[in-house]
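Engineer: Based on what follows, work out the 3D shape:
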Amino acid sequence: MPDQPEPPHASRDADGTVGPVPSRRPVEAVLFDFHGTLAQVEDPRAWVLAAAATCGVELDPVRATALADRLLTAGRAGGPLPARVPPRLAELWADRDLYEHAHRGAYTGLAETVDAGIEGFADALYERVLVPEGWVPYPDTGDVLATLRAAGVKVAVVSNIGFDLRPLFHAWKLDALIDAYVLSYEVGRCKPDPGIFLRACGMLGVDPEQTLMVGDTPADAGAVKAGCAVLVLPCADAGHPNGLGAVLDLALRG
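Structural biologist: The predicted structure is shown next:
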């Protein structure tokens, strides 16, 4: 007779007996990645048009689209990784999430590889990533953060990034819903290093076993090594839902 299947939520003890798997403790805190999880960068053509306007140049839509395509290939802050990093930018690129000057230098340097014929264009493109208008919060972001706050669940933003996110959340009127910001360039650690997640848990005063990390990349899943539960969401385009509401099902169930 074939063995009976083990019941769900079961584990084997050292002596081979089957027992229930201990349940995780209730979620007391949620750590959120920023880009691709809570917000997305603005549409590439809008990005190019806005940066050019800052430089006093009005681009026609066709030229703006062509420039946007080339700049995305070169590498955009908050966008796809560059197809190639020039050797002269290699050190800045490696340190981009650890130092503000490296983040700016890497991305302005990549933008300068695209000859747009607009003076100051690379810096103007980078400046868009520093302002609230350069980002679009996902449709569920505000509601999810507010629901967690109402339920007494602590929240931190944990991001590999080279600039301060606080002004963005303040402009979006979401800053009162965030208990801590754990930014790689401030703490000297980058995801998936377990240390950045442990730092976040320490700042919130919670145990990793009571913490859920929510992100959209394998780097975010590195929180497992720190003892956190992890939810990985699909990265959606600006303005489109990315399934963020699933956080509430996990954090508030039971």
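Engineer: Please report how far L49 lies from P132.
Structural biologist: Distance of L49 to P132, computed by CB to CB, to the nearest Å: 17 Å. Where you see a C-beta, it was placed from the backbone N, CA and C, and this is true even at glycine.
Engineer: Compare those two (neighbour count), which wins?
Structural biologist: Between L49 and P132, L49 has the larger neighbour count (other CB atoms under 10 Å), namely 22 against 14.
Engineer: contacting residues for the nearest residue to that one once chain neighbours are set aside?
Structural biologist: Leaving aside its sequence neighbours, L49 sits nearest to A64 (CB to CB, 6 or more residues apart in numbering; 5.1 Å). Taking CB atoms under 8 Å, 6 or more residues apart in numbering, we find A64 in contact with R45, V48, L49, A52.
Engineer: which of these lies closest to K173?
Structural biologist: L49 (26.1 Å; CB to CB).
Engineer: Correct me if wrong: the closest one contacts V62.
Structural biologist: No. Counting by CB atoms under 8 Å, L49 does not reach V62; the two are 11.7 Å apart.
Engineer: top of the contacts of A64 by neighbour count?
Structural biologist: V48 (30 neighbours).
Engineer: Let me know the secondary structure of the residue nearest to L49.
Structural biologist: Look at A64: counting by DSSP: H, G, I helix; E, B strand; the rest coil, its state is helix.
Engineer: Please shift the residue numbers so they start at 32 in all later answers.
Structural biologist: Yes, from this point I'll number from 32; that puts the last item at A95.
Engineer: Strands along this protein, start to end?
Structural biologist: With strands called from DSSP state E, the chain shows them at 41-43, 49-51, 60-63, 70-72, 166-168, 185-190, 211-214, 242-246, 260-263.
Engineer: Can you add mean pLDDT and distance to L176 and give those back as a markdown table?
Structural biologist: Formatted as a markdown table, these follow (pLDDT from 0 to 100; distance: least, CB to CB, whole Å):
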| stretch | mean pLDDT | distance to L176 |
| --- | --- | --- |
| strand 41-43 | 38 | 35 |
| strand 49-51 | 42 | 34 |
| strand 60-63 | 98 | 8 |
| strand 70-72 | 96 | 12 |
| strand 166-168 | 97 | 10 |
| strand 185-190 | 98 | 6 |
| strand 211-214 | 98 | 13 |
| strand 242-246 | 97 | 11 |
| strand 260-263 | 96 | 15 |
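Engineer: for these, which one sits closest to W203?
Structural biologist: The minimum distance between W203 and the strands of the chain falls on strand 166-168, with 5.8 Å, by CB to CB.
Engineer: Now tabulate the strands of the chain in CSV and tack on mean neighbour count and distance to L281.
Structural biologist: Output for the strands of the chain, formatted as CSV (neighbours: other CB atoms under 10 Å; distance: least, CB to CB, whole Å):
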stretch, mean neighbour count, distance to L281
strand 41-43, 11, 21
strand 49-51, 11, 20
strand 60-63, 26, 9
strand 70-72, 22, 21
strand 166-168, 20, 21
strand 185-190, 24, 14
strand 211-214, 20, 20
strand 242-246, 26, 6
strand 260-263, 18, 6
